[in-house]
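Undergrad: Structure here, sequence nowhere to be found:
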């Protein structure tokens with residue numbers, strides 16, 4: 001088990017989690033350009049489509065399906081799909097800290113996040129998955145922030161290279 005951050009560091013963790021949410025939302029909004037370019041519509045129309053879809057997963061699914069249309073050249077398709085694949089990998093971490101409640105150990109141990117999701121199994125329910133808020137969690141968020149920044153740049157590069165509406 002990694003060392004627990006001191007209680008006063010929990011505020012710093014929350015700021016880091018906020019940065020993760022901001023970076024995710026900013027990067028997700030770039031899907032508008034991919035939607036516009038792949039569906040051959042203007043940015044305003046792509047924004048309406050983007051906002052009509054109410055989950056990030058639905059938006060990514062749309063971009064992936066558009067990229068798989070026969071008219072999309074293989075290099076363009078592969079670049080877009082690599083971005084959406086990386087985005088989906090990062091969504092798990094973002095969801096872990098964005099859709100949770102936090103619990104505190106009365107004995108001064110690590111705070112924990114408790115995922116607010118119910119998973120239906122064959123004959124049971126699974127809920128309340130916990131994650132310690134420790135140095136490993138902080139390192140994971142730091143790494144994700146760097147990966148989101150790189151992903152953001154890749155989406156801009158694809159959009160510019162293929163003449164998507166900016």
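TA: Yep, it's here. Values in this document were obtained by computation on a predicted structure and should not be read as measured data. Numbers count the residues shown, from 1 in each chain.
Undergrad: Show me which residues of the helix ranked longest in the chain are buried.
TA: In the chain, taking DSSP state H as the definition, the longest helix is helix 135-161. Buried residues in helix 135-161, counted by 16 or more other CB atoms under 10 Å: 137-138, 140-141, 144-145, 147-148, 151-152, 154-155, 158-159. Any C-beta I mention is one placed from the backbone N, CA and C, and that applies to glycine too.
Undergrad: any chance of the residues you listed in TSV, plus distance to residue 31 and pLDDT?
TA: Shown next, in TSV, are the buried residues of helix 135-161 (distance: CB to CB, whole Å; pLDDT from 0 to 100):
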residue	distance to residue 31	pLDDT
137	27	87
138	28	88
140	23	92
141	22	93
144	18	96
145	19	97
147	16	97
148	13	97
151	11	98
152	11	97
154	13	98
155	8	98
158	11	98
159	10	98
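Undergrad: between these, which is nearest residue 19?
TA: In terms of CB to CB, no member of the buried residues of helix 135-161 lies closer to residue 19 than residue 145, at 6.1 Å.
Undergrad: what's the closest one in contact with, if anything?
TA: Contact partners of residue 145, counting by CB atoms under 8 Å, 6 or more residues apart in numbering, are 16, 19-20, 23.
Undergrad: same question, residue 81
TA: Neighbouring residues of residue 81 by CB under 8 Å, 6+ apart: 64, 67-68.
Undergrad: Figure out how far the helix or strand of the chain with the lowest mean pLDDT is from the centre of its chain.
TA: For the chain, counting by mean pLDDT, DSSP states H and E, strand 112-115 ranks last in confidence among helices and strands (a mean of 76). Computed by CA atoms, centre = their mean, to the nearest Å, the separation of strand 112-115 from the middle of its chain amounts to 18 Å.
Undergrad: do the same with stretch 16-29
TA: With CA atoms, centre = their mean, you get 8 Å for stretch 16-29.
Undergrad: residues making contact with it?
TA: With CB under 8 Å, 6+ apart as the test, stretch 16-29 has contacts from 50, 56, 59, 87, 90-91, 93-94, 97-98, 138, 141-142, 144-145, 148-149, 151-152, 155.
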